[in-house]
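Enquirer: Quick one, structure for this:
(2 chains)
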Amino acid sequence: MARTREALLLLLDVSPSMHSVLPDVEKLCSRLIQKKLIYGKNHEVGVILFGTEETENELTKEVGGYEHVKVLQDIKVVDGHLVQSLKHLPQGTCAGDYMLIKKYGETYKGKKHLCLITDALCPLKDPDVGTKEDQVSTIARQMVAFGLRMKNIVVRASLSGEPHMRVIIENDNLLNIFSKKSSAKTLFVDSTTSLRGARKTRDISPVTIFRGDLELSEKMKIKVWVYKKTGEEKFPTLKKYSDKAPSTDKFATHEVKVDYEYKSVEDPSKVVPPEQRIKGYRYGPQVVPISSAEWEAVKFKPEKSVKLLGFTDASNILRHYYMKDVNLFIAEPGNSRATVAVSALARAMKEMNKVAIVRCVWRQGQQSVVVGVLTPNVSEKINIPDSFYFNVLPFAEDVREFQFPSFSKFPVSWQPNEQQQEAADNLVKMLDLAPSGKGEILQPELTPNPALERFYHHLELKSEHQDAAPPPLDDSLKKITEPDPTLLAESQSAIDAFCGQFVIKENPKLKKSTRRFLREKPSGSDEPNGDGSVSDAQAVNSMESKPVVTVDKIGDLTPIQDFEAMMSRRDCPDWVDKAIEDMKNKIFGLLENSNEGINYPKAVELLVALRKGCILEQEPKQFNDVLEKVCKICRKRNFSTFFDFLMSKKLSLISKSEAVDSDITDDEAGSFIVKSQPKHED
Amino acid sequence: MELDPDDVFRDDDEESDNEFYQEHEATKEYVVYLVDASPKMFSTTCPAEDQTDETHFHIAVSCIAQSLKTQIINRLYDEVAICFFNTRKKKNLQDLNGVFVFNVAEREQLDRPTARFIKEFDHIEESFEKEIGSQYGIVSGSRENSLYNALWVAQGLLRKGSSKTADKRILLFTNEDDPFGSIKGAAKNDMTRTTMQRAKDAQDLGISIELLPLSPPDEEFKVSHFYADMIGLEGDDLALFMPSAGQKLEDMKDQLRKRMFSKRIVKRISFIIANGLSIELNTYALIRPTVPGAITWLDSVTNHPLKTERSFICADTGALMQEPAKRFQPYKGENIKFSVQELSEIKRVSTGHLRLHGFKPLSYLKDYHNLRPSTFVFPSDKEVVGSTCIFIALHRSMLRLNRFAVAFYGNPSNPRLVALVAQDEIVRAGGQVEPPGMHMIYLPYSDDIRPLHSDTDAVPRASDDEVKKAAALMKRIDLKDFSVCQFANPSLQRHYAVLQALALEEDDMPEIKDETVPDEEGMARPGVVKAVEEFKLSVYGDNYDEEGDVKVSEASRKRKAATENAAKECANYDWADLADKGKLKEMTVQELKLYLMAHNLSTTGRKETLISRILTHMGK
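Expert: Below you'll find the model as predicted:
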């Protein structure tokens, strides 16, 4: 189908002034192509570079001129090679100017896009005939004739040198001609992070979810179309991989089929066919079976409609009540009166600070209604109609009325004093992400999804090396997950003042084991807690996940966890021996340094862990030796309370029944402690 | 499939729903309904809504029945017992006179309500005289004290469970404000004293006693006679008690069927502000779409529950296998494999903390910056002392400066940029409407926001006059006290009603009022109608034909033309004859489609499908 086809021409500026951002341009473009490889295999892409050293294009052969323009790839269906070639854009040496080359076959059906990425810093050469403006206008007209959509991304990361201003203004004017004369959009980005989000890497053709009447009353209806405005872009759904097929089988799909079987809970041997199942709903402790036919007869079946319930003050709808992704209501395209009606309502709502409450049933046969709020979206551009945003509101059942204490009820020590409040005010003012005169930082429209970016990056790496590890986030993406260091530096004084005003400390009453905050483990859940100092350092600078930290010695803080972690290391058999050896030393150390038995409980705990580990690893001898040695030491020094501890934990030698290698019988194990106890009479 | 086998990308919200059940049991409620069944409860009446008189006994019983029906959906794990006193027969563990504990088979006396329990209780009035009987329990000359007995039995029923994990209550329904009025002298004092002591004992065990007094319209229930002391009313509370009790009774009957959730921390996160300064926050789910309860699949023959078993089969070899640990994505003609660990590693772009980026004016948070329900955050000093203080300071500054915070929430399943919007506490009529704290709003990324393609031509705009008319209309149709959660979800309420009707084997399906339909009456008010007319006239003009003004799209014009053409062509064949002779099979798909198009039938599917569709349509 023609509408699912798309042709995209990338016009990339590689002149010297662009060099600093080229890596991000490369990434943006490769992501574009990668997604096309997955979601739009028929799409066509062409790449033209300008500002290159060499010149290679048709027009220069045909009519001359167009120097420093290189066609990297003619328009053709996407393939993997393109990703490769985009990875290393040649750095141009010449100042280039942008000129459009007609590359589309005139018969191409489907959408045509053009994406120009430049910094528009280089002066444009005067054409032979007419003015620059004329020329641009001509191109714009041609683009309209071809139904070409253009998107200009202008990078303004660092403005260096004033003399460029004249050129910049001139170029911006020219770009504006595109916006006016054709359906081009020009976007200025001022950071590499924004550049990465500037071009949607996947084009989803808009589909209406509703077309019909917005009923103000029975008599007054407005024809509207409803589109999705936001929708979460998910990870691609990966298939399960089966490694059962022999590696020689070239046609193996490696897919996995998932089968479901329904079995009676009471009698697992009885399999029930899917059509014999019936849905049951809980009613108190019972489950009430209700067949789908029964439901069909009684269920809620509202008519498809969108009806106005009324208007209300915008302040009655708090922002956090918005429930879902957002829809856009526009008047039916081409219906001028409906457009005026929507425009009148939107403008009146904005003026009076009102919103509309509507009840929507998008499709016939839908089993539920949604109540939502329409907020005005008054457009400033003459070619974009006024519209409404629609957000779903919760029903009474969806709101949980939890009570929280008033801040004023908290003790005085929890209330900020004047200086603290001032420091906070100052911080909120200084740590400004939307400074006046500069662009907004982390504008959602221009911020790419770092996790998805990483996935596609990894996918590409894996296509080269199957075992490639997940790549770290690059600097542009890191600015999304972590605060921008330059911004932090700018407001360092406010931050320091703020931090200086407040004191935080760990709650001393809590048990050590339940604490998590100030000494937090790194992000990994599978990461064992290493030696105290190591994991502290990790928590501080492991913002992007590094390879799992491994434990190679038993620390003082969490010896048991460390021990278990070491025992379970599979990269070398020596770890088990080392773990046991370390543990032994720990235990003896504890006993040696135990003042009045303070360390006894800890030592016994370690012994228990060691015993468990030795049974698991079938190393009974190691443990039994340790225990015997421990007892010997204790007997020598008359640590009688220690034996009470051992008794209470029922700690004994590992017997034959627990580990085959043991030469201790169960009886011997049972009587061990009693025998080794020092005689009090002595 | 109802199951989502792919749990790699599961939201953490879903998990939290499951946890909810385990925690819920810790905070349940045990209630004993103590209903006075004295002859006075049957003899005094109140006028009901439909002009007939209702006995007090009926009011109490129907109120409990209503309450049970709501409770079985709202708070599944709460346990109840119903106990009558001043009865002729007795049935209770202590074998005390004048007290009858109502129960059904297969149920402990204090237990979760069951369908059968509710159903039989619905019909209690019909059989009451025969089965239980009404009789004054406190008469002069006898030492019997049915109220004392009733409290004792109730206390006995509530012995189960610890008062730490369960909220224990006795709800007492009576219309007798002076239970010992018939007794004189020392005996009265004595009985009053022992009853009070009994009540006090119960209260000492953590059981609260609530009184729901019923009084005839012309007489007042004088709490001060006896009950004020028992439920501990003093001073101003005494005067306020009666009106509030009446309200409580109404509330019990009119409760919305709404699953209750106990307040629960979804996650504890640390909020990293700067310079290594981080505070402790708890997150709560205040707003989440409620869905009808989970489905249990049953065997339709035996009605026994079923369990689902998943098995993985290799598509190439047909071999049964373990759940595969790898996923793959076809890419560049290859299958690129990812292990589950790698996938979660990729998503872990940051630690599970909330990292502050900075602040922006509230106007930068657009209406379309939304994806899913917000999460509420509230500070906690449990582990990091000083968190609350910092939070309050930031909260105040943000409110004062009209700014919101932008932060990165490194939730391992779905890392996102979030907006933290400070919300001041709103208290209305003594109740907290909005708690103080911040709401975490999940922001979309650039790829989550859909662009809309614009026209090149200028589009019409409303004139000032048209805007004025619209404003006039807005003033007319103004929902003054609109609150977001004033509507019940009609589909969910219908679900609960149907479930109840089927469980209790009620004959007629209850009608559920759909509160979300527009207020027809209000819309028909002359002022509103006039405002609508004026607005319509100003934007549409006199002769607006709602259908006619539309440019028919090219596609639909083509479709229409094709249908007309098909109708014409179709007439060239004798379809009935072709069908009878079995010649449809020899025709081309194109020809078959002519028939289908001409008769407005679907043209999708294989040739056999098309033929059978034609035959069905012809009735053969």
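
Enquirer: Test my guess that residue A:383 contacts residue B:459.
Expert: Yes - taking contacts as Cβ atoms under 8 Å, residue A:383 lies within contact range of residue B:459: 6.4 Å. All C-beta atoms are positioned from the backbone trio N, CA, C, and that covers glycine.

Enquirer: Comparing those two, which shows the higher neighbour count?
Expert: residue B:459 (21 against 14; other Cβ atoms under 10 Å in any protein chain shown).

Enquirer: what's the closest non-adjacent residue to the more buried one?
Expert: Distances taken as Cβ to Cβ, 6 or more residues apart in numbering or on different chains place residue A:385 nearest to residue B:459, at 4.3 Å, with adjacent residues excluded.

Enquirer: Residue B:32 now?
Expert: Counting by Cβ to Cβ, 6+ apart, the residue nearest residue B:32 is residue B:154, at 4.3 Å.

Enquirer: picking that back up, the residue nearest to residue B:459 against residue A:338, yeah?
Expert: No - using Cβ under 8 Å, residue A:385 is not in contact with residue A:338; the gap is 9.6 Å.

Enquirer: what's the overlap in contacts for the two?
Expert: residue A:331 (Cβ atoms under 8 Å, 6 or more residues apart in numbering or on different chains).

Enquirer: Name the residue in these two with the higher neighbour count.
Expert: Per other Cβ under 10 Å, whichever of residue A:385 and residue A:338 has more neighbours is residue A:338, with 28 against 25.

Enquirer: dump the residue contacts of that one.
Expert: Counting by Cβ under 8 Å, 6+ apart, residue A:338 touches A:222, A:223, A:224, A:331, A:332, B:549.

Enquirer: and what of residue B:432?
Expert: A:403, A:404, A:406, B:425, B:426.

Enquirer: buried subset of the residues you listed?
Expert: residue A:404 (16 or more other Cβ atoms under 10 Å in any protein chain shown).

Enquirer: which one of the contacts of residue B:432 is nearest residue B:307?
Expert: Distance to residue B:307, by Cβ to Cβ, is smallest for residue A:403 among the contacts of residue B:432, at 39.2 Å.

Enquirer: Phi and psi next, for the nearest residue to the closest one once chain neighbours are set aside.
Expert: Nearest non-adjacent residue to residue A:403, counting by Cβ to Cβ, 6+ apart: residue B:432, 5.5 Å away. When read as degrees, to the nearest 10, the backbone of residue B:432 gives phi -80, psi 120.

Enquirer: Pull up the residues of the stretch 101-250 of chain B that are close to chain A.
Expert: B:112, B:113, B:114, B:115 (Cβ under 8 Å from any Cβ of the partner chain).

Enquirer: can you pick the most crowded of the residues you listed?
Expert: residue B:113 (25 neighbours).

Enquirer: Am I right that that one is in contact with residue B:72?
Expert: Yes - with contact defined as Cβ under 8 Å, residue B:113 counts as touching residue B:72 (5.1 Å).

Enquirer: shared neighbours, the two?
Expert: By Cβ under 8 Å, 6+ apart, the residues touching both residue B:113 and residue B:72 are residue A:284.

Enquirer: and the residue nearest to residue B:459, what does it touch?
Expert: Per Cβ under 8 Å, 6+ apart, neighbours of residue A:385: A:330, A:331, A:339, A:342, A:343, A:379, B:459, B:460.

Enquirer: returning to that earlier point: got a pLDDT number for the residue nearest to residue A:403?
Expert: You'll see residue B:432 listed with a pLDDT of 80.

Enquirer: Ok, residue A:163 next?
Expert: 50.

Enquirer: still on that earlier bit, just the element for the residue nearest to residue B:32, please.
Expert: Using DSSP states H and E, residue B:154 sits in helix B:146-157.

Enquirer: got a list of contacts for that helix?
Expert: B:32, B:34, B:81, B:83, B:85-87, B:92-94, B:96-99, B:101, B:109-110, B:137-138, B:170, B:179, B:191, B:194-195, B:198-199, B:201-202, B:205, B:207, B:209.

Enquirer: Centre of the chain to it, how far?
Expert: On the basis of Cα atoms, centre = their mean, to the nearest Å, helix B:146-157 sits 35 Å off its chain's mean C-alpha point.

Enquirer: Buried residues, that helix. List them.
Expert: Result for helix B:146-157 [16+ other Cβ under 10 Å]: buried residues B:146, B:147, B:148, B:149, B:150, B:151, B:152, B:153, B:154, B:155, B:156, B:157.

Enquirer: so how far is residue B:202 from the first one?
Expert: Residue B:146 sits 16 Å away from residue B:202, going by Cβ to Cβ, to the nearest Å.

Enquirer: Then residue B:38?
Expert: Distance from residue B:38 to residue B:202, by Cβ to Cβ: 21 Å.

Enquirer: So those two - more neighbours on which side?
Expert: Taking neighbours as other Cβ under 10 Å, residue B:38 and residue B:202 compare with residue B:38 leading, 24 against 21.

Enquirer: Was I right to think that one contacts residue B:133?
Expert: No - using Cβ under 8 Å, residue B:38 is not in contact with residue B:133; the gap is 11.1 Å.

Enquirer: What about residue A:604, how many residues nearby?
Expert: Around residue A:604 there are 19 residues (other Cβ under 10 Å).

Enquirer: Residues contacting the helix or strand containing it, please?
Expert: Per DSSP H and E, residue A:604 falls inside helix A:600-616. The contact list for helix A:600-616, computed with Cβ under 8 Å, 6+ apart, reads A:559-560, A:563-564, A:567, A:579-580, A:583-584, A:586-587, A:590-591, A:594, A:620, A:622-623, A:626-627, A:630, A:639, A:641-642, A:645-646, A:649, A:651, A:654, A:658-659.

Enquirer: Give me the next element, helix or strand, following that helix.
Expert: In N-to-C order, the element after helix A:600-616 by DSSP H and E is helix A:620-637.

Enquirer: which ones are touching residue A:194?
Expert: Neighbour list for residue A:194: A:439, A:443, A:446, A:447 [criterion: Cβ under 8 Å, 6+ apart].

Enquirer: Filter those down to the buried ones.
Expert: By 16+ other Cβ under 10 Å, the contacts of residue A:194 give A:443, A:446, A:447 as buried.

Enquirer: Chain B next: which of those residues are close?
Expert: Checking the buried ones among the contacts of residue A:194 against chain B (Cβ under 8 Å from any Cβ), the matches are A:443, A:446, A:447.
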